[in-house]
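S.K.: output the structure for:
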Amino acid sequence: MAEALGRSADYRVLRRLVPRTEFAPANGQATKTAILLDTETTGLDHNKDEIIELGMVKFDYLPDGRIAGVSDTFSAFNEPSIPIPPEITAITGITDDMVDGHRIDEAAVNAFVDEAVIVIAHNASFDRKFSERYWPVFEKKAWGCSTTEVDWRKHGFEGSRLGYLLNGAGFFHQAHRAVDDCHALLEVLALELPTTGAPALALLLDTARRRTVRVWAEQSPFDLKDSLKATRLPLVRRKRRPPEVMVRRPLRDRGRRRDRISEGGDLSARRRAAAADADRLQPLLQPRLKLEPRPSSCPSVLASSIEKVPS
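M.R.: Residues are numbered from 1 along each chain as shown. Next comes the predicted model:
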C-alpha cells in the first residue's frame, strides 16, 4: 500500500528512518572526516545547565560534498548534579534512572573527534557552547551550523527545523535523542538540493570555508545608530561601562567642578577615539557582514577575520 500511495500525486509517504552506513562510493577519491554532534541538556543556559546526553556520528565525505559513509558513532549519558526537570524528560524521554551513575569519558570524546576537520551541529550556537565548556578539544575544531549556513528557504524549504527537513527527505525519526538526531541530520545533509543538484553538505562546507568578519561596534556615537540598524545585523546592547573615579578639584580650580575621569583616559579623549572608530567602521557595514557578540574573554578589537574550515 505504501508503494502505491508513494506513486500517487495525492499522497506523500514518510518512512521511519533506518540509519545507514554507506552513501556514495569513494572510487579511490580522497576523503575527509567530519563529526555530527548533538547534545541533550537540562536547560538552555550553557553557563549553568548540564549535558545529559551526547551523541556523535563520524562520517567521511568526498571533495564534491557527497557523503561517502559512516565510520563510527558515539552515544553516552551523563548524570547531572540536579534531577532532570520534568519538562526536559517530557521532550527527550530521558529520565533520572537512565542517566544514574553515568559519566562521559573525556578521553573517549577526544579520541573520537581527533581526526575530524569540522564538527557540524543543527543550531551549533547551542551545542558548541555546551561542548566547549565540557570538553576543551572542541575549542580547537572548526564548526559548521546546518541551521544557519544553509539558506533552506532559498532552496525550496519553508523552514529549518530538523524534523521538517527530514520529512522533505521522506523520513521521520525519534526526535530529541542525541544520536538519533545526528543520523537524521546526516540524511538531511545527503539530500540533493533541487536548486543546485548538489548535496546540502556541499553548500554548508562552501559557506563554512568562507572568510567571515566579526565586528564589535562598542561605544559607537549615537549618530551612527541608524547606519548600524540599516545593516539588519544583530546588535547587542551592553550596559557595562569603564570604571570611573570622582576627582574633586580645589575651590580655586573651576569653582568646585567635579570631573569624571575614566581609568582608560579622560572622557573627551575616549569620545574622540570612539568617533574615529566609527569612521573606520562605516565602510565595513555591509549587509553580508556577520555581527556577533564579543565573548567576554576576547580582546577589545574593532574587527577580526576568521577562516573556519580547511578546503
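S.K.: domains in the chain, by residue range?
M.R.: Domain assignment for the chain by automatic domain parsing gives 2-209, 213-306.
S.K.: deepest-packed of those, please.
M.R.: With neighbours taken as mean count of other C-beta atoms under 10 Å, those reach their highest mean count in domain 2-209, at a mean of 17. Glycine gets a C-beta too; all of them are placed from N, C-alpha and C.
S.K.: that one: how far from the chain's middle?
M.R.: Centroid separation between domain 2-209 and its chain, computed with C-alpha atoms, centre = their mean, to the nearest Å, is 12 Å.
S.K.: tell me the mean pLDDT over it?
M.R.: Throughout domain 2-209, pLDDT has a mean value of 94.
S.K.: please apply the same query to stretch 224-243.
M.R.: Stretch 224-243 comes out at a mean pLDDT of 65.
S.K.: isn't Ser220 right up against Ser227?
M.R.: No - with the criterion set as C-beta atoms under 8 Å, Ser220 and Ser227 do not qualify as a contacting pair; they are 9.0 Å apart.
S.K.: what are the boundaries of the helices in the stretch 101-250 of the chain?
M.R.: Under the criterion DSSP state H, counting those that start in this stretch, helices of the stretch 101-250 of the chain are mapped to 106-113, 124-134, 162-168, 178-190, 200-209, 225-230.
S.K.: what packs against the fifth one?
M.R.: It refers to helix 200-209. Where contact means 3 or more C-beta pairs under 8 Å, 6 or more residues apart in numbering; DSSP states H and E, helix 200-209 is packed against strand 118-121, strand 143-145, helix 178-190.
S.K.: what's in contact with the longest one?
M.R.: With contacts defined as C-beta atoms under 8 Å, 6 or more residues apart in numbering, helix 178-190 is touched by 17, 19, 23, 36-40, 53-57, 59, 66-67, 70, 73-75, 120, 122, 146, 162-163, 165-166, 168-169, 171, 173-175, 199-201, 204.
S.K.: dump that helix to CSV, keeping only the CA atoms.
M.R.: Provided in CSV are the C-alpha atoms of helix 178-190 (Å, rounded to 0.1, in the frame of the first residue of the first chain):
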residue,chain,number,x,y,z
ALA,A,178,21.2,12.9,20.6
VAL,A,179,22.5,10.1,18.3
ASP,A,180,19.1,9.8,16.5
ASP,A,181,19.2,13.5,15.7
CYS,A,182,22.7,13.0,14.3
HIS,A,183,21.5,10.2,11.9
ALA,A,184,18.6,12.4,10.9
LEU,A,185,20.9,15.3,10.1
LEU,A,186,23.2,13.0,8.1
GLU,A,187,20.2,12.2,5.8
VAL,A,188,19.3,15.8,5.5
LEU,A,189,22.9,16.8,4.5
ALA,A,190,23.0,13.9,2.0
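S.K.: next, the angle helix 200-209 makes with that helix.
M.R.: In this structure, helix 178-190 runs at an angle of 90 degrees to helix 200-209, with axes from the mean of the first three to the mean of the last three C-alpha atoms, to 10 degrees as the basis.
S.K.: which of the helices and strands packed on helix 200-209 sits closest to Val99?
M.R.: Taking C-beta to C-beta as the measure, these were each checked against Val99, and helix 178-190 came out nearest at 12.1 Å.
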